[in-house]
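Colleague: Return a 3D structure for these sequence lines:
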Amino acid sequence: MTKKTINFFLKSDITIEDGILFNLEKEIANLALKNPLVIFDNNITDGQYFQKFIKKFQSIFDDKNIIPVEIKGEPTYSFLKKLFIDIEKKDFDCIVSIGGGSLLDIGKGLSLLSTNNRDPIELKGFPENLNNPIPHITVPSVLGSGAEASFNAVFIDENEERKLGINSRNNFPIRVLVDPSLASSAPKNVIISSALDSLVHCIDSFGSKKATPVSQNFSKIGFRNSWEFLNDRDFSNPDSYFSLAIGSIFGIYALMNSGDGPTNGFAYYFGVKNRIPHGLSGGMFLKDVMKWNFNNGYSGYKEILKEIGENSHSDFFERFENLYLDLNVPKLKDFNYKIEDIDSLSNAVSNSLSGSFAGNPILFDNKSAFDVLKMQFKE
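Modeller: Numbering: from 1, shown residues only. Prediction:
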């Protein structure tokens, strides 16, 4: 009998409940914590739901420890360093992060730096031998990236123009609170971008060469829930966000326990280069990468299609194309690229993202990248 090993890890305490944001002080007390530092995305301050919460919270805790953070694009190591310098003299025993994926990643970084006082750039990649961070509670205002439940924290190295992050299992939040009413108050374009990110996580992880039967089950559940959310397009109904919350969390669990693929590679390259939101930049390529894999002999997607009651690949891709049209998902040509750019782009993407390409279930190389990029210019 051949020895078989499956590794899988989780480290989460998650509640999905409408209105749970207004129980935040009780959640903090239940963890035997008393003095939180609350950071929140400045972009959510105008929402009535958040305004009602923050007024209540300010009446309970020190207003000096409640800090809005202005995020323009994805955060850099230097931005994290500056923010930590601003807060390190404050008195707090935990961090609460309320916002989108980038804000939650900043919370992970601050939590880790609070017990590892180093220049963030020294922690880029996969740092080891770190002290445990102070407790970190995440409250996502947008669902899809899975940042609320993951250990990855994405940061950009400005000198290299690359996303490298601070990726340590120390980063897992101690508590995850998902409030559908908060998520439903996000702008529509942000909701769509983040939901597309969940689809990318589910598909890349499902096809990953490192995938296991366990991770693939998470991929399938995550895909079904995210796909249903996007196809229902009931973006104003908090109840629909229970599906997206499951898609977001299951998708990131699958990705953590397998690996990414070409779609995530394209997302990283064009997201940084053209400042396209990460989920949207991945969503732009997801359908084309799936179609390329199918056309070149990969049959694994039939399990994914079963999850949504689809037996025909051609019908599925037609539905996918119509979904993209309804959601106004852009293509490369919408960012002033021309078909003549494909040669240089395929070389650049292949050279910088060989690791992501290597995760594809079948060989994906420079020629494959060329083929996928070419699809972006079809009418």
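Colleague: Averaged pLDDT, the helix or strand hosting residue 181. What do you get?
Modeller: Taking DSSP states H and E as the criterion, the element that holds residue 181 is helix 180-183. Across helix 180-183, the average pLDDT comes to 96.
Colleague: helices or strands next to it in the packing?
Modeller: helix 48-58, strand 136-140, helix 241-256 (3 or more C-beta pairs under 8 Å, 6 or more residues apart in numbering; DSSP states H and E). No exception for glycine: its C-beta is placed from N, CA and C like everyone else's.
Colleague: Adding mean neighbour count, write the ones you listed out as CSV.
Modeller: CSV is the format used below for the helices and strands packed on helix 180-183 (neighbours: other C-beta atoms under 10 Å):
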stretch, mean neighbour count
helix 48-58, 15
strand 136-140, 27
helix 241-256, 27
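Colleague: May I see those arranged in CSV, with distance to residue 18 as well?
Modeller: Shown next, in CSV, are those (distance: least, C-beta to C-beta, whole Å):
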stretch, distance to residue 18
helix 48-58, 11
strand 136-140, 13
helix 241-256, 9
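Colleague: Please export the alpha-carbon coordinates of the next helix or strand after the helix holding residue 181; CSV is fine.
Modeller: Per DSSP H and E, the first helix or strand lying C-terminal to helix 180-183 is helix 188-207. C-alpha atoms of helix 188-207 as CSV (Å, rounded to 0.1, in the frame of the first residue of the first chain):
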residue,chain,number,x,y,z
LYS,A,188,-21.5,48.0,-6.0
ASN,A,189,-18.2,48.1,-7.9
VAL,A,190,-16.3,47.1,-4.8
ILE,A,191,-18.7,44.3,-4.0
ILE,A,192,-18.4,42.9,-7.6
SER,A,193,-14.6,43.1,-7.5
SER,A,194,-14.3,41.3,-4.2
ALA,A,195,-16.8,38.6,-5.2
LEU,A,196,-14.8,37.9,-8.4
ASP,A,197,-11.7,37.5,-6.1
SER,A,198,-13.5,34.7,-4.3
LEU,A,199,-14.2,33.0,-7.6
VAL,A,200,-10.5,33.2,-8.6
HIS,A,201,-9.4,31.7,-5.2
CYS,A,202,-11.8,28.8,-5.7
ILE,A,203,-10.9,28.0,-9.3
ASP,A,204,-7.1,28.5,-8.9
SER,A,205,-7.0,26.4,-5.7
PHE,A,206,-9.2,23.7,-7.2
GLY,A,207,-6.9,23.2,-10.1
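Colleague: Residue 366 versus residue 298, what's the distance?
Modeller: 18 Å (C-beta to C-beta, to the nearest Å).
Colleague: I'd like the helices and strands packed on helix 180-183 laid out as CSV, including mean pLDDT and distance to residue 361.
Modeller: What follows is these, written out as CSV (pLDDT from 0 to 100; distance: least, C-beta to C-beta, whole Å):
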stretch, mean pLDDT, distance to residue 361
helix 48-58, 93, 41
strand 136-140, 98, 30
helix 241-256, 96, 14
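Colleague: what does the helix holding residue 181 contact?
Modeller: Helix 180-183 has contacts (C-beta atoms under 8 Å, 6 or more residues apart in numbering) with 16, 18-19, 21, 44, 47, 49-50, 53, 98, 139-143, 191, 238-242, 244-245.
Colleague: any idea of the pLDDT on the residue nearest the centre of the chain?
Modeller: Centroid-nearest residue in the chain, with C-alpha atoms, centre = their mean: residue 145, separated by 2.1 Å. Looking at residue 145, its pLDDT is 93.
Colleague: pretty sure it is touching residue 196, no?
Modeller: No: assessed by C-beta atoms under 8 Å, residue 145 is found out of contact with residue 196, at 10.2 Å.
Colleague: Point out where the stretch 1-150 of the chain drops to low pLDDT.
Modeller: For the stretch 1-150 of the chain, the stretches with pLDDT under 70 are 1-3.
Colleague: Run through the strands of it in chain order.
Modeller: For the stretch 1-150 of the chain, the strands defined by DSSP state E, counting those that start in this stretch cover 14-16, 36-41, 66-69, 94-99, 136-140.
Colleague: which secondary structure elements does the shortest one contact?
Modeller: This points to strand 14-16. In terms of contacts (3+ C-beta pairs under 8 Å, 6+ apart), strand 14-16 is packed against strand 175-178, helix 241-256.
Colleague: angle of the last one against helix 188-207?
Modeller: Pointing back at helix 241-256 there. Computed by axes from the mean of the first three to the mean of the last three C-alpha atoms, to 10 degrees, the angle separating helix 241-256 from helix 188-207 equals 40 degrees.
Colleague: just how off-centre is helix 241-256 within its chain?
Modeller: Averaging C-alpha positions (C-alpha atoms, centre = their mean, to the nearest Å) puts helix 241-256 10 Å from its chain's average.
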